[in-house]
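*Asks:* Need the 3D shape of this:
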Amino acid sequence: MMSDQDMNALRGSQGVDGARMFLTQMIAHHEGAIAMAQTEIDGGQDAAAVELARSIVATQQQEIDTMKDILGEL
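*Replies:* Numbers count the residues shown, from 1 in each chain. Okay, here's the model as predicted:
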């Protein structure tokens, strides 16, 4: 999760610097979602919840990869 300080910094940013900050924070946010989903994959009891967690890992990783590509182009 982003802190209030992070959110305020993002609100005050613009242009390429703002895009970099946004993407960097979103990558961290997605990585947190992957970590939470992985916990369910590793120890979950409900097959549907584990399958949902696997889907979350896959889609969040795809989005991270896209955001990293965008960062590389900035």
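*Asks:* What's the local residue count around the closest residue to Leu71 other than its chain neighbours?
*Replies:* Nearest non-adjacent residue to Leu71, counting by Cβ to Cβ, 6 or more residues apart in numbering: Leu23, 5.2 Å away. Quick note: C-beta positions are derived from backbone N, CA and C, even for glycine. Using other Cβ atoms under 10 Å, Leu23 has 18 other residues around it.
*Asks:* My read is that Leu23 contacts Asp69, right?
*Replies:* No - taking Cβ atoms under 8 Å as the definition, Leu23 is not a contact partner of Asp69, at 10.0 Å.
*Asks:* which helices and strands does the helix or strand where the residue nearest to Leu71 lies pack with?
*Replies:* Taking DSSP states H and E as the definition, Leu23 sits inside helix 15-43. Helices and strands touching helix 15-43, by 3 or more Cβ pairs under 8 Å, 6 or more residues apart in numbering; DSSP states H and E, are helix 4-11, helix 47-73.
*Asks:* Which residue would you name as the spatial centre of the chain?
*Replies:* Among the residues of the chain, the one closest to the centroid is His30, at 1.4 Å (Cα atoms, centre = their mean).
*Asks:* hang on, it packs against Glu63?
*Replies:* Yes - contact criterion Cβ under 8 Å: His30 and Glu63 qualify, at 5.8 Å.
*Asks:* Please report phi then psi for the residue lying farthest from the centre of the chain.
*Replies:* In the chain, counting by Cα atoms, centre = their mean, Gln45 sits farthest out from the average C-alpha position, at 24.9 Å. Main-chain dihedrals, Gln45, degrees, to the nearest 10: phi -100, psi -30.
*Asks:* Kindly state the pLDDT recorded for it?
*Replies:* On the pLDDT scale, Gln45 is placed at 96.
*Asks:* Then the one 4 residues further on?
*Replies:* As predicted, Ala49 sits at a pLDDT of 98.
*Asks:* what about it, how many neighbours?
*Replies:* 13.
*Asks:* thinking again about what came up before, give the buried residues for the helix holding Leu23.
*Replies:* For helix 15-43, the neighbour count (16 or more other Cβ atoms under 10 Å) marks 21, 23, 25, 27, 30, 33-34, 37, 40-41 as buried.
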